[in-house]
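Structure for the following, please:
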Amino acid sequence: MNLSPGQLDLLFQALGDPTRRAILERLARGPATVTELAAPFDMALPSFLGHVRKLETSGLVETAKHGRSRTVTLVPGAFTPVRSWLDEQRALWEGRLDRFDAYVQTLMQEKRDEP
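Residues are numbered from 1 along each chain as shown. As a prediction, this is how the structure comes out:
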C-alpha cells in the first residue's frame, strides 16, 4: 500500500463522523449540491461546509462550482487505501487466530494423550 504519511489518518478521521458518513452514503447515489446534501441535517451551513471540507481534504470527495451552486462528487477509488489497510489487518489477525487455534488444538491433543 503506497500512502503518503498521514493519508490513512485523514481518511479514518473523515470516516469517523456520522454526519460525514451520511454524506458519503448519499453521494454513493450520485453527485449533489451542497444545499441538497445539507438539507437533512439540523446545522448551520458553515458547520456543514466544514464536514464537506474535511471529506475533500481526505480525498474522498471533490467539489466543483457551477454558477452559484457547488456540486460534491465521490472520488473514484478513494476508499481503496482504507479497504487495503483493512484487508491487511484482516489477514494479519486471521493468521494470528489460526496459529492460536492450532496451538490450543495441540494442547488439547496433548492433554488427551496423557496417561
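
got any ranges where this protein has weak pLDDT?
1-5 (pLDDT under 70).

residues touching the residue minimising distance to the centre of the chain, list them.
Geometric centre of the chain, nearest residue: L15, 4.8 Å, by Cα atoms, centre = their mean. Counting by Cβ atoms under 8 Å, 6 or more residues apart in numbering, L15 touches R21, L24, L60, V82. Backbone N, C-alpha and C define where each C-beta goes, glycine included.

May I have the secondary structure class of L92?
helix (DSSP: H, G, I helix; E, B strand; the rest coil).

Count residues in the vicinity of it, would you?
L92: 10 surrounding residues under other Cβ atoms under 10 Å.

what does A78 give?
Residues near A78, counting by other Cβ under 10 Å: 17.

That one contacts T57, correct?
No - assessed by Cβ atoms under 8 Å, A78 is found out of contact with T57, at 11.9 Å.

And the strands in the chain?
32-33, 61-66, 69-74 (DSSP state E).

How about residues contacting the shortest one?
Contacts with strand 32-33, where a contact means Cβ under 8 Å, 6+ apart, come from R26, S69, R70, T71, V72.

same deal with the second one?
The contact list for strand 61-66 (Cβ under 8 Å, 6+ apart) reads 23-24, 27, 34, 52, 55-56, 70-75, 78.

what comes up buried for that strand?
Of the residues in strand 61-66, V61, T63 count as buried by neighbour count, 16 or more other Cβ atoms under 10 Å.

Give me the angle between it and strand 69-74.
150 degrees (axes from the mean of the first three to the mean of the last three Cα atoms, to 10 degrees).

now strand 61-66, how far from the chain's geometric center?
20 Å (Cα atoms, centre = their mean, to the nearest Å).

again with the last one
Remark: strand 69-74 is offset 19 Å from the chain centroid, using Cα atoms, centre = their mean.

can you check stretch 32-50 too?
That offset, for stretch 32-50, works out to 20 Å (Cα atoms, centre = their mean).

quick one: which of the contacts of strand 32-33 has the most company?
V72 (22 neighbours).

how is this protein carved up into domains?
7-74, 79-115 (automatic domain parsing).
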